[in-house]
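*Asks:* Show me the folded form of this:
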Amino acid sequence: MQLLGLVGWTFTALLIRTLWIYFTSPLRKVPGPFLAKITNLWRLFDVYHGRPHLTQKYLHDMYGPVVRIGPETVSLTDPNLIKTIYSTKSEYRKVWL
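*Replies:* Take a look at the predicted model:
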């Protein structure tokens with residue numbers, strides 16, 4: 001019975017976290033696939049199958065130069081945004097891999 005309770009609490013915590021990300025993200029108005037707003041798992045499968053470049057091209061064709069591809073990740077194709085995003089005084093958070 002304790003295991004069932006633990007599974008229930010884990011599921012509830014994940015659901016609350018997902019809803020929190022979905023409704024409070026500053027990126028919520030950036031267009032992209034629905035799953036990109038709540039999880040990175042779809043990108044994991046996309047990379048596993050070796051086609052992220054094709055998927056991103058398709059998404060940019062569908063949504064435009066700015067596409068949300070993860071809960072905290074945006075893909076850009078507009079070269080004019082480089083100075084805005086990557087300036088030393090930029091307010092945008094960058095993650096370097």
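*Asks:* just the helices in this protein please.
*Replies:* For the chain, helices defined by DSSP state H occupy the ranges 2-24, 41-48, 52-63, 82-86.
*Asks:* on contacts alone, who are the packing partners of the second one?
*Replies:* Counting contacts by 3 or more Cβ pairs under 8 Å, 6 or more residues apart in numbering; DSSP states H and E, helix 41-48 is packed against helix 52-63. The way it works is simple: take the backbone N, C-alpha and C, and place the C-beta from them, glycine included.
*Asks:* what angle separates the helix it packs on from helix 41-48?
*Replies:* Orientation check (axes from the mean of the first three to the mean of the last three Cα atoms, to 10 degrees): helix 52-63 against helix 41-48 gives 130 degrees.
*Asks:* Which positions within helix 52-63 qualify as buried?
*Replies:* By neighbour count on 16 or more other Cβ atoms under 10 Å, the buried set for helix 52-63 is 55-56, 59-60.
*Asks:* Many thanks, I have nothing further to ask.
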